[in-house]
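Novice: curious how this folds, go ahead:
(one chain, ligands or ions: 1)
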Amino acid sequence: MAPPDDPGTDATPPARAPRVTTAVLAAVVLLAGLGARAVLPAAVGGPAGDTLYATLAVLLVALVVRRPLPAALLGLVLCAAVEALQLTDLPGRAADAVPQARYVLGSTFHAPDLGWYALGAAVGWAALALAVPARRHERHTRSAPRRGRLALLLVPVVALGAAGGELAASMGAEADALAVAVADGEDALTGSEGRVDDESVRDAMAESLDDARAVLSATPVLERRPGAATRARERVADAADALLDSRHQFARSQANATRDALAEFTARGDTVLAATEGLGAPRAPREALRSALESADTALAAAAPTLLDAAELAEIEQITAELADGVPAVEQATTALMTAQDAVTCPEDDQLWFPGAGRLADDELAAIPWDPEYSVRADVLDGLVALDEAYRARFGEHLTINSAYRSYEQQVAVYNPADPNPLAAPPGCSNHGLGTAVDLGGGVQTFGSAQYEWLKAHAAEHGWTHPGWAEPDGRLPEAWHWQSVETPETY
Ligand SMILES: [Zn+2]
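Specialist: The predicted model follows:
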C-alpha cells in the first residue's frame, strides 16, 4: 500500500524556473529589444527598449538565482544601478574606450527610465513565474501560481506608472523649452521697439507670447495637452523669425538712408575742398576736412549695398552708426573750411563765401520771362514773377532788371579791389553768384521813391527782401539790391 501523501513533507524546494526556458526567453527578449530600438520611432522605441533591457536583466539573473521574485528584484536593482551610474562620467569614458559599452551602460540619466525598468522587471517576473512547472502538490502550494497572477496584475500598473512618468517628464521639458522661448521673445520684442520695418510683426510677436504664457499657466494634462507647449513654442519661433526679418529690413533701409545722407555731405565736402585749392585758406581746416572725408569714404565703402545684403543685423547697425557719425564730422569740417575761406576772401561780415557762387549749372538757373537776358536760381523765379505781377498792377510796367545772376567771371569783371568801398563783392562772396539777388531800376534805385516804398511794403509777400546792409544806414546803402529770403545768411 502506498504511503499516503504527507502534508508534512510539503516543504518542497521553492518554485524555480527551468534554465533552458529562461535562456530561450532571454534570447527572445534580447532580439525583441534590439528590434524595438532599430524599428520603432524614438518616442516608443526608447521606453520599449528600456523595458526589455530590464526584462533581459531579470532573465539573465534568473539563470543563476532561479526563484522568480528574487531574480526580478535583483535585475531591477542592477538596472537602477546602471542608470544611476549615468549621473557620473563613467559610461562616457567606457564608451570612449569601447563604443559598444553604450548599449549596456547607456549615456544620459533619465528618471522615467526607472519606471520602464520596473515594468521590465515585472514582465520578467511574470514570465519566470509562468515558466515555473506545475507540481504535484499544487493544490497545497498555491503560492507560485498566485504569485504569477499577482505579477501579471503588476505589469499594467507599473506600465501605467512608467508611462505617466514619461509623460510628465516630456511635458515638463516642453514647458521648460517654451519658457526659454518666451523669455527670448520678450527680449526680442523690447529690443525691436521703433526698429522694425513693419509694426504688425511686433503685434504678432506680442500675440504669440500672450498665447504661450496662457499655455504655460494652464494645468498640465487637464488643461494643457501634451504637444501644446511645443506648438506654442513653434508659433513664438515663427514670430521671432518674422520680427528678425523685419528688423533686418529696417536696419538695411536705415543704413541706405544714412549712406545717402553721408554721400551728399561728402560730395559737398569734396566740392569745398577742391574750390579752396589755391585760394589762400589756412592749411589746418583743409587737412581736417580731408581727413573727415577719408573716414567717411571708409564708412561708405563698408556700407556698399552688396555688403549690407550679406551682413548680420548687428553688423548693419554698426555700419549705420559709423555712417551716422560721419555726417556731422564732414558737415562740421566743411563749414569750418568755408568759414576759414570766407575770412580770407570776403571782407564783410554780411558776405558769405560759397564754393558754387558764380558756378551754377544751366539747369539750376531760370531766365526772367520779361527780360530773359537775366537769370535767377530756378526755385526763386516764381516769387519774383509774382512780385512783378503785383508791381505791374500798381505801376503799369515790369520791374526793371539791371543785374541778376552773375557768373564767377562776370563777378571778377565787376569787382574792383582797388575801390575802397567796392559796390560789388569779391568773387565767391556775392549772392548775385548764388542766383538769389537782383539789382532793380525804374525808380526802385532811389530810397524814398514810390517804387522803392511799394517794394519795401510788398516784397516780403512774395519772398523777397531788402537786406540790412543795403539800407540807408547800412554798410553799403543800395536801394536797388533786393534778394530772395532763400539767400543763406549763415553756413
Ligand atoms: Zn546787388
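Novice: now the spatially most central residue of the chain: phi and psi?
Specialist: By CA atoms, centre = their mean, the chain has its centre lying nearest to Leu244, at 4.3 Å. Main-chain torsions, Leu244, degrees, to the nearest 10: phi -60, psi -40.
Novice: the nearest residue to it once chain neighbours are set aside: neighbouring residues, count only.
Specialist: Leaving aside its sequence neighbours, Leu244 sits nearest to Leu313 (CB to CB, 6 or more residues apart in numbering; 7.0 Å). C-betas here are computed from N, CA, C, even on glycine. A count of nearby residues for Leu313, using other CB atoms under 10 Å, gives 15.
Novice: ok, Leu313 touching His248?
Specialist: Yes - counting by CB atoms under 8 Å, Leu313 does reach His248; the two are 5.6 Å apart.
Novice: wait, what's in contact with the closest residue to Pro467 other than its chain neighbours?
Specialist: The spatial neighbour of Pro467 that comes closest, neighbours along the chain excluded (CB to CB, 6+ apart), is Gln483 at 6.0 Å. Shown in contact with Gln483 (CB atoms under 8 Å, 6 or more residues apart in numbering): Asn431, Thr436, Ala437, Val438, Trp464, Thr465, His466, Pro467.
Novice: surely the fourth one is in contact with Leu384?
Specialist: Just to be clear, that refers to Val438. Yes - under the criterion of CB under 8 Å, Val438 makes contact with Leu384 at 7.1 Å.
Novice: overlap in contacts of these two?
Specialist: Val376, Leu399.
Novice: count of residues packed around Val182?
Specialist: 21.
Novice: tell me the one of the contacts of Gln483 nearest the ion?
Specialist: Ala437 (5.1 Å; CB to the ion).
Novice: quick check: beta-bridge partners of the closest one?
Specialist: On the basis of DSSP bridges, Ala437 is bridged to Gln483.
Novice: list the contacts for it?
Specialist: Ala437 touches Ala404, Ser430, Asn431, His481, Trp482, Gln483, Ser484, Thr487, counting by CB under 8 Å, 6+ apart.
Novice: Produce a ChimeraX select command limited to the buried residues of the contacts of Gln483.
Specialist: Buried members of those, defined by 16 or more other CB atoms under 10 Å, are picked up in ChimeraX with:
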select :431,436,437,438,464,466,467
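Novice: in CSV: the contacts of Gln483, plus distance to the ion.
Specialist: Listed next are those as CSV, based on distance: CB to the ion, whole Å:
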residue, distance to the ion
Asn431, 8
Thr436, 11
Ala437, 5
Val438, 7
Trp464, 13
Thr465, 13
His466, 11
Pro467, 9
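Novice: TSV for the contacts of Gln483, including pLDDT?
Specialist: What follows is the contacts of Gln483, written out as TSV (pLDDT from 0 to 100):
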residue	pLDDT
Asn431	93
Thr436	97
Ala437	97
Val438	97
Trp464	98
Thr465	98
His466	98
Pro467	96
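Novice: I'd like the contacts of Gln483 as CSV, with distance to Val155 appended.
Specialist: Below are these laid out as CSV (distance: CB to CB, whole Å):
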residue, distance to Val155
Asn431, 102
Thr436, 100
Ala437, 105
Val438, 108
Trp464, 103
Thr465, 103
His466, 108
Pro467, 105
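Novice: re the thing from before, list the residues that contact both of Leu313 and His248?
Specialist: If you check Leu313 and His248 against CB under 8 Å, 6+ apart, no residue is contacted by both.
Novice: whichever residue of the stretch 201-350 of the chain sits closest to the ion: what's it in contact with?
Specialist: Residue nearest to the ion within the stretch 201-350 of the chain: Asp350 (12.1 Å; CB to the ion). Taking CB under 8 Å, 6+ apart, we find Asp350 in contact with Pro467, Gly468, Trp469, Arg475.
Novice: of the residues you listed, which one scores lowest on pLDDT?
Specialist: Among the contacts of Asp350, Arg475 carries the lowest pLDDT, at 91.
Novice: right, and that one touches Gln351 too?
Specialist: No - using CB under 8 Å, Arg475 makes no contact with Gln351, being 9.7 Å away.
Novice: all helices of the stretch 351-491 of the chain, in order?
Specialist: Secondary structure of the stretch 351-491 of the chain (DSSP state H, counting those that start in this stretch): helices at 381-395, 408-414, 450-458.
Novice: how many other residues sit next to Val201?
Specialist: 22.
Novice: any idea how far Ser192 is from it?
Specialist: To Ser192, Val201 is 8 Å away according to CB to CB, to the nearest Å.
Novice: who touches both of those two?
Specialist: Leu243, Ser246.
Novice: how does the chain divide into domains?
Specialist: 13-170, 176-248, 255-345, 362-484 (automatic domain parsing).
Novice: rank those by pLDDT, which is bottom?
Specialist: domain 13-170 (a mean of 83).
Novice: now do it: distance to the chain's middle.
Specialist: 52 Å (CA atoms, centre = their mean, to the nearest Å).
Novice: again with stretch 335-347
Specialist: Here stretch 335-347 is found 45 Å from its chain centre; the criterion is CA atoms, centre = their mean.
Novice: what's next to that stretch, contact-wise?
Specialist: Outside stretch 335-347, the residues touching it (CB under 8 Å, 6+ apart) are 272-273, 275-276, 279-282, 285-286, 288-289, 351-355, 425-426, 428-429, 491.
Novice: please point out which parts of it sit buried.
Specialist: Thr335, Ala336, Leu337, Met338, Thr339, Ala340, Gln341, Asp342, Thr345, Cys346.
Novice: likewise stretch 18-29?
Specialist: Applying 16+ other CB under 10 Å to stretch 18-29 flags Thr21, Thr22, Leu25, Ala26, Val29 as buried.
Novice: the residues you listed: which two are farthest apart?
Specialist: Thr21 and Val29 (12.4 Å; CB to CB).
Novice: just the closest residue of this structure to the ion, please.
Specialist: Counting by CB to the ion, the chain gets nearest the ion through His481, at 3.6 Å.
Novice: and the nearest residue to that residue once chain neighbours are set aside, how far from Ala450?
Specialist: What sits nearest to His481 in space, not counting adjacent residues and going by CB to CB, 6+ apart, is Ala470, at 4.6 Å. With distances taken as CB to CB, Ala470 is found 19 Å from Ala450.
Novice: is it true that Ala159 touches Leu119?
Specialist: Yes - Ala159 is within contact range of Leu119, at 5.0 Å (criterion: CB under 8 Å).
Novice: of those two, who's got more company?
Specialist: When Ala159 and Leu119 are compared for neighbours, Leu119 comes out ahead with 28 against 19, by other CB under 10 Å.
Novice: so which bits of this structure are right by the ion?
Specialist: Within the chain, the residues that sit near the ion (CB under 5 Å from the ion) are Asp439, His481.
Novice: quick one, strands of the chain?
Specialist: 365-367, 375-377, 401-403, 437-440, 464-465, 481-484 (DSSP state E).
Novice: on that earlier part again, let's have the helices of the stretch 351-491 of the chain in JSON lines, adding mean neighbour count and distance to Leu153.
Specialist: Converted to JSON lines, the helices of the stretch 351-491 of the chain look like this (neighbours: other CB atoms under 10 Å; distance: least, CB to CB, whole Å):
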{"stretch": "helix 381-395", "mean neighbour count": "16", "distance to Leu153": "101"}
{"stretch": "helix 408-414", "mean neighbour count": "15", "distance to Leu153": "109"}
{"stretch": "helix 450-458", "mean neighbour count": "16", "distance to Leu153": "111"}
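Novice: could these go into a markdown table alongside distance to Asp113?
Specialist: Below are those laid out as a markdown table (distance: least, CB to CB, whole Å):
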| stretch | distance to Asp113 |
| --- | --- |
| helix 381-395 | 86 |
| helix 408-414 | 91 |
| helix 450-458 | 96 |
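Novice: returning to that earlier point: and the residue of the stretch 201-350 of the chain closest to the ion, how close does it get to Arg406?
Specialist: For Asp350, the distance to Arg406 - CB to CB - is 17 Å.
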